[in-house]
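K.L.:
structure for this input, please:
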Amino acid sequence: MATYQIDRIDQKILSFLVKNARMPFLEIARECGVSGAAIHQRVKKMENLGIITGSRLLVKPKALGLNVCAFVGVSLSQANSYPQVVEALKKISEVVECHFITGKYALMLKIYCFNHEHLMEILINTIQNIPSVEQTETWVSLDQAIERQVWVKDYPNAGSEK
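P.N.:
Below is the predicted model of the structure:
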């Protein structure tokens, strides 16, 4: 990805879009004091550079009956099996995030399940049956105190206004 120094206007654009990806570009333009065309150009440039990778709707898991959020640390019997394990995890719809991490575990998963029995079934009959998965440790989330996208206000590499 090319290096691009975002400026204060880009910061504002990102800040508005992170809070509401459906915010009309003309409204953002008014808030930034530039034309709607300038907003379109800047957003397109940030998309082309990979700074913005799209927009999506956020669905609250509990609204779908997914009442259990859990984090699962996964140990691998062979470190080089990482790509195959990730491919297997991609097929498990309950797994919503997978991070390759440092420390005791190779992977950290975030999963959503309907209840504790569903969680146990996914752990025992699915994740732990993936070849090279040696061990798992699970933490159940009791509450999500903070939920947000990346923080863009006062982003460290922001230059001066154009």
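K.L.:
could I get the full set of helices for the chain?
P.N.:
8-19, 25-32, 36-48, 82-90, 116-125 (DSSP state H).
K.L.:
buried deepest among these, which one?
P.N.:
Greatest average neighbour count among the helices of the chain goes to helix 8-19 (a mean of 19), per mean count of other C-beta atoms under 10 Å. To be clear about C-beta, it is placed using only N, CA and C from the backbone, and glycine gets the same treatment.
K.L.:
got the domain boundaries for the chain?
P.N.:
The chain breaks down by automatic domain parsing into domains covering 8-48, 61-141.
K.L.:
who wins for proximity to residue 55 among these?
P.N.:
Nearest of those to residue 55, taken as C-beta to C-beta: domain 8-48 at 3.6 Å.
K.L.:
circling back: select, out of the domains of the chain, the one closest to residue 148.
P.N.:
domain 8-48 (7.7 Å).
K.L.:
residue 132 against residue 74, yeah?
P.N.:
No - contact criterion C-beta atoms under 8 Å: residue 132 and residue 74 do not qualify, at 9.6 Å.
K.L.:
tell me how far residue 17 lies from residue 118.
P.N.:
35 Å (C-beta to C-beta, to the nearest Å).
K.L.:
so how far is stretch 114-134 from its chain's centroid?
P.N.:
In terms of C-alpha atoms, centre = their mean, to the nearest Å, the centre of stretch 114-134 is found 22 Å from the chain centre.
K.L.:
quick revisit: residue 132 and residue 74: which has the busier surroundings?
P.N.:
residue 74 (23 against 17; other C-beta atoms under 10 Å).
K.L.:
what's near enough to touch the more buried one?
P.N.:
85, 105, 106, 107, 108, 109, 127, 133, 135, 136 (C-beta atoms under 8 Å, 6 or more residues apart in numbering).
K.L.:
ok, now which ones touch residue 109?
P.N.:
Residues in contact with residue 109 (C-beta under 8 Å, 6+ apart) are 71, 72, 73, 74, 89, 95, 97, 98, 99, 127.
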